[in-house]
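1. model this:
(chains A and B)
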Number of protein chains: 2
Amino acid sequence: MLRTHNCGELRIENAGNIVTLTGWVQKIRDKGGMIWIDVRDRYGITQLIFDESKSNPEVLEIARTTGREFVIQAEGEVIERVSKNNKIRTGDIEIFVNELKILNKSKVPPFTIEEETDGGEDLRMKYRYLDLRRRPLKENMLLRHHIMQETRNYFSNKDFIEVETPFLIKSTPEGARDFVVPSRISKGEFYALPQSPQTFKQLLMVSGFDRYFQIVRCFRDEDLRADRQPEFTQIDCEMSFVTREDIMQVFEGMMKHLFKTIKDIELDDFPVMQYSEAIKKYGSDKPDIRFGMTFHELNELAKGKGFNVFDNAQLVVGIKVDGAADWSRKQLDALTDFVRRPQVGAKGLVYVKYNQDGSYKSSVDKFFSQEDIGKWAEVFGAKPNDLLLILAGESEQTRKALSELRLKLGEEMGLRDHSVFAPLWIVDFPLLEWDQESQRYYAMHHPFTSPNPGEIEMLDTEPGKVNANAYDMVINGVELGGGSIRIHDKEIQQKMFKALGFSPEEARAQFGFLLDAFEYGAPPHGGIAFGFDRICALFGGTESIRDYIAFPKNNSARDVMIDAPSPISGDQLQELHIQLRS
Amino acid sequence: MLRTHNCGELRIENAGNIVTLTGWVQKIRDKGGMIWIDVRDRYGITQLIFDESKSNPEVLEIARTTGREFVIQAEGEVIERVSKNNKIRTGDIEIFVNELKILNKSKVPPFTIEEETDGGEDLRMKYRYLDLRRRPLKENMLLRHHIMQETRNYFSNKDFIEVETPFLIKSTPEGARDFVVPSRISKGEFYALPQSPQTFKQLLMVSGFDRYFQIVRCFRDEDLRADRQPEFTQIDCEMSFVTREDIMQVFEGMMKHLFKTIKDIELDDFPVMQYSEAIKKYGSDKPDIRFGMTFHELNELAKGKGFNVFDNAQLVVGIKVDGAADWSRKQLDALTDFVRRPQVGAKGLVYVKYNQDGSYKSSVDKFFSQEDIGKWAEVFGAKPNDLLLILAGESEQTRKALSELRLKLGEEMGLRDHSVFAPLWIVDFPLLEWDQESQRYYAMHHPFTSPNPGEIEMLDTEPGKVNANAYDMVINGVELGGGSIRIHDKEIQQKMFKALGFSPEEARAQFGFLLDAFEYGAPPHGGIAFGFDRICALFGGTESIRDYIAFPKNNSARDVMIDAPSPISGDQLQELHIQLRS
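-> Model prediction:
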């Protein structure tokens, strides 16, 4: 090794030791007679000291030629510092340097390599290798590493087998768009990169592997949003001979294990909420239950009083903000502006202030008596000084808008504390979603999800009413994972494909191997997949998954550091039997 | 859970317990009054028993309708067996079944699901999910799982960080052929799938991660051989501030750890052999040193005696087979046929028998006296009863042919024992290889490999003589891994690209990001990559890596189970801005 110690490990006990350190120059202070250099590596920062009256002049000379981010090797004696620095673990000591070597020079970096940097997003993406030197990103990568190891420990200890499934698979039009890979050997044919190892993990259950897991890259060629990446990582799992409750118990156990080992937090048992209740109370299938502010519906009380907006609405629904009756006109206008934003999509916001004196002041006083509004307040369980915020319109859209408003208020009022974790399970999703445009059903999870026990027959008669034997794990309003008990019977799988509008030939062409497999003793099985990048972000306490991926793509699916994608040669195209479309 | 126990865990202590098992029907024996069913799952096999005089007739009826590979659930009482079976861990007990349920039926499988199967390779690939039910393949996957976990444990305990590098990267013409992925968003541009995370792991060193590892999928679009797959798994590692010896120590430690934890074998320290010695003594840079039979060169003694074959040869070289002087004409002819096979490529084989009486009998007695041959025998260190086998011709080809012969003889003579493991390091490879056809140098490892210290200047003057600061780990004749100290200096990297015939513009276009990174404080670093599939095959004691991959491709890079690659739709092609070449 070019060093005897790293930059994070020397302590006062090492005083007198002769050591060699290597690392990057974090900071240089040259006070004429004295020079201090902070040298940094992954493990920490240690102060080097040079003294004009005592140091070798050549060493001083070299010290003076170093600059920020130079890579150096310093040999010297560990000495106790005069003025200790209790902010860093090596703050009791410094190294009096006898020999100094520049291992590599550095140009002045394009942004500062500090806790907070002055570099913009684009510049930091281009020089990602420099951004990763910054402590926050480095810590994110370490966190990711630890979560990965603890995830595998949990599963290995529970007899799960890690199996690597293939990356060069078959394109299926169902679901998101595939990335494809032209074949050189099979002219005119393509592999696809997996959106998930779904069918392979089911085949592993058919093979009798009983308990499978994998931390695996998945690919979706979709237009990107802030928290989406074309390649992302999943914790992928499957079990045989289990019920929904068994699966929920095992994976709730995984999450508890991660919280315990990574954050030393003991989570209570996760509550289980029906999808319909989540939608009714929170307007979302991934409710943030760190705070209340649940929905109350007013259809019966608010309609038929001559207020057109309510009368014409499919749904009148609101939330109560405790102690907010004194909010100003300006504050309420801002909320109205918020709900009217196209992303939120409400037409307007009705408010009711429950005054301290027991009277009500609302934006709809023209249409509703104090008595009318008193009944609303009762439904909300409001007390004097509370504020009611009410939206009306088409049900789904209105719930969605109110959910956005609820989350915004929760954020602003400090109710979404990053150090509090409120997990729950959502169950009993609809199996199918009707798509107005294409006039067909789509699988809400995927076409391999089993209907709830006892509801299979309804697939033929009322497919829209069938519930899925599925479950999502949600923490703090983030859907971290979801899964289902799978169909393991060929007839039911065919029924499902039929409900989704597949012809038998289409089903055969795409999933023939799975239907075949179901004829050779497929066990009852089910599984789950977790968004690993999101788990990292949740544990790290920030929003963007990009900060937890070493080399992410930008919003145009481009790696600006290596400049990919990029053109390839005509020879390559020819070998692959393809050409560019002009 | 649909079971209380698995099929591998019940013991005599459980007698009297009421249990529920699930699994696959391995075997049914119906002796009229009694029925036995062996039920199998991942964990083992347990015998179920049904007795006409005592069992519920309905249960008997169900038992009689089951067939091989049916999935069943059986509830009953654990009882002691009358005739115990000590071949299986559950052999002391059986289950007297009270309730039996068929969870899924099975068609008759296309081959037998037994230790040895009657299915051909093609059929087993098509029904891979059934082949994986067989114990040998299941054990291979479990072995792979354990090696993976122990690999990660080793590195995690040594402060290595697992970092996931991207799969959608940039195509580079150097090295093997890339698989490419057309971009939908960037018209006419392509990603490439990584042949290895080489540049990313070097960038992680530039980022200061200090110690990186990953068990990662890599991709090469090459024509396949028996032990090659288009996607394969690598243990990929990199370290900063290290010398070659540091790296060799850490990764020798990894291999010792795997042997200790997986096979309970304590390996001695690995010998280190120079590339030139390996070639001279074994004719191979991955010598199998489980046995001797090293090469001896005879150029000085054998030339100039009028035997044209030797006189015209660049190299005359042979091996000694102990105690084989009594081999028959037929045996020697078979060896001659072997070396003449096109894959081996020798023109003929010269033998010398050192007879018991001290005389020699050779196939070249016409040209060489007993005294001449006696000198050869001395070089070989031969004793009476030994056999010398000698080849001659162009040096490289002759060494390769003799190496093949040596390995064949080692195999036939039982010297390549699968339970013996003989590791070594090979070092001091040539940095560059001259390619006659394209009249240029190629990097023997890759273009980021550093020259040996002190040999950098020779890059300009005698590039062919420069040695690489590189190392391969070889066990039992298999190259399991290799790596090098990398170049971390922009000037040397540019010099290297120049030696490889890159113009500055080409170097910039392909590796600009790396050259840039080298200007911002790249530390001295080096690393290694191991073929994970090969490690599994070595530990498993069989040859083919396919048996250690859950879902391998065939020799045409096709997954015959899912039928990939396959055509994609015109819409998909259009979105990707490509079309098929007619």
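2. Not counting its neighbours along the chain, what's nearest the residue of the stretch 201-350 of chain A found nearest chain B?
-> The minimum distance from the stretch 201-350 of chain A to chain B, using Cβ to the nearest Cβ, falls at residue A:207 (3.8 Å). Bear in mind the C-beta positions are built from the backbone N, C-alpha and C, glycine included. In space, not counting the residues next to it along the chain, residue A:207 is nearest to residue B:132; the distance is 3.8 Å by Cβ to Cβ, 6 or more residues apart in numbering or on different chains.
3. residue contacts, the residue of the stretch 201-350 of chain A closest to chain B?
-> B:129, B:130, B:132, B:133, B:138 (Cβ atoms under 8 Å, 6 or more residues apart in numbering or on different chains).
4. Give me the number of neighbouring residues for residue A:88.
-> Look at residue A:88: counted by other Cβ atoms under 10 Å in any protein chain shown, it has 15 neighbours.
5. hang on, it packs against residue A:39?
-> No: look at residue A:88 against residue A:39 with Cβ atoms under 8 Å: they stay out of range, at 11.9 Å.
6. joint contacts of these two?
-> Common neighbours of residue A:88 and residue A:39, using Cβ under 8 Å, 6+ apart, are residue A:45.
7. burial measure for the closest residue in space to residue A:271 that isn't next to it in sequence, as a count.
-> Distances taken as Cβ to Cβ, 6+ apart put residue A:424 closest to residue A:271, at 4.7 Å, once the chain neighbours are dropped. Counted with other Cβ under 10 Å, the neighbours of residue A:424 add up to 18.
8. tell me the secondary structure for residue A:424?
-> For residue A:424, the assignment made with DSSP: H, G, I helix; E, B strand; the rest coil gives strand.
9. Check whether it really touches residue A:287, as I assumed.
-> Yes: using Cβ under 8 Å, residue A:424 makes contact with residue A:287 at a distance of 7.4 Å.
10. Need the overlap of contacts for these two.
-> Listed as contacting both residue A:424 and residue A:287 by Cβ under 8 Å, 6+ apart are A:273, A:474.
11. which residues does the closest residue to residue A:32 other than its chain neighbours contact?
-> Spatial nearest neighbour of residue A:32, chain neighbours left out: residue A:52 (7.3 Å); criterion: Cβ to Cβ, 6+ apart. Counting by Cβ under 8 Å, 6+ apart, residue A:52 touches A:32, A:33, A:34, A:60.
12. thinking again about what came up before, any idea how far the residue of the stretch 201-350 of chain A closest to chain B is from residue B:577?
-> Distance, residue A:207 to residue B:577, by Cβ to Cβ, to the nearest Å: 39 Å.
13. Quickly list what residue A:393 is bridged to.
-> On the basis of DSSP bridges, residue A:393 is bridged to residue A:315.
14. how about the residue lying closest to residue A:408 once chain neighbours are set aside, what does it touch?
-> Nearest non-adjacent residue to residue A:408, counting by Cβ to Cβ, 6+ apart: residue A:338, 6.2 Å away. Each residue near residue A:338 by Cβ under 8 Å, 6+ apart is listed here: A:344, A:404, A:405, A:408.
15. so what's the backbone phi/psi at whichever residue of the stretch 401-550 of chain A sits closest to chain B?
-> Proximity to chain B, evaluated over the stretch 401-550 of chain A using Cβ to the nearest Cβ, is greatest for residue A:521 at 3.6 Å. Main-chain dihedrals, residue A:521, degrees, to the nearest 10: phi 80, psi 60.
16. domain assignment for chain A?
-> For chain A, automatic domain parsing gives the domain ranges A:12-104, A:139-273+A:423-548, A:291-412.
17. Just put the ones you listed in TSV and tack on mean pLDDT.
-> Formatted as TSV, the domains of chain A follow (pLDDT from 0 to 100):
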stretch	mean pLDDT
domain A:12-104	96
domain A:139-273+A:423-548	94
domain A:291-412	96
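18. Highest average neighbour count across the ones you listed: which stretch is it?
-> Counting by mean count of other Cβ atoms under 10 Å in any protein chain shown, domain A:139-273+A:423-548 has the highest mean neighbour count of these, with a mean of 20.
19. Ends of that one, what's the gap?
-> End-to-end distance for domain A:139-273+A:423-548, by Cα to Cα, to the nearest Å: 9 Å.
20. same deal with stretch A:558-576?
-> End-to-end distance (Cα to Cα), stretch A:558-576: 23 Å.
21. List of residues touching it?
-> Here stretch A:558-576 makes contact (Cβ under 8 Å, 6+ apart) with A:122, A:125-129, A:182-184, A:551, A:553-554, A:557, A:579-580, B:166, B:168-171, B:173, B:177-178, B:180-181, B:183, B:185-186, B:188-192, B:199, B:203, B:512-513, B:581.
22. Can you point out the buried residues in that stretch?
-> A:558, A:559, A:560, A:561, A:562, A:564, A:565, A:566, A:568, A:572, A:573, A:576 (16 or more other Cβ atoms under 10 Å in any protein chain shown).
23. Pipe those into JSON lines and attach distance to residue A:481, secondary structure and pLDDT per row.
-> Converted to JSON lines, the buried residues of stretch A:558-576 look like this (distance: Cβ to Cβ, whole Å; DSSP: H, G, I helix; E, B strand; the rest coil; pLDDT from 0 to 100):
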{"residue": "A:558", "distance to residue A:481": "28", "secondary structure": "coil", "pLDDT": "95"}
{"residue": "A:559", "distance to residue A:481": "27", "secondary structure": "strand", "pLDDT": "96"}
{"residue": "A:560", "distance to residue A:481": "31", "secondary structure": "coil", "pLDDT": "95"}
{"residue": "A:561", "distance to residue A:481": "30", "secondary structure": "coil", "pLDDT": "95"}
{"residue": "A:562", "distance to residue A:481": "31", "secondary structure": "coil", "pLDDT": "94"}
{"residue": "A:564", "distance to residue A:481": "30", "secondary structure": "strand", "pLDDT": "95"}
{"residue": "A:565", "distance to residue A:481": "30", "secondary structure": "coil", "pLDDT": "97"}
{"residue": "A:566", "distance to residue A:481": "35", "secondary structure": "strand", "pLDDT": "95"}
{"residue": "A:568", "distance to residue A:481": "37", "secondary structure": "coil", "pLDDT": "94"}
{"residue": "A:572", "distance to residue A:481": "39", "secondary structure": "helix", "pLDDT": "94"}
{"residue": "A:573", "distance to residue A:481": "40", "secondary structure": "helix", "pLDDT": "96"}
{"residue": "A:576", "distance to residue A:481": "37", "secondary structure": "coil", "pLDDT": "96"}
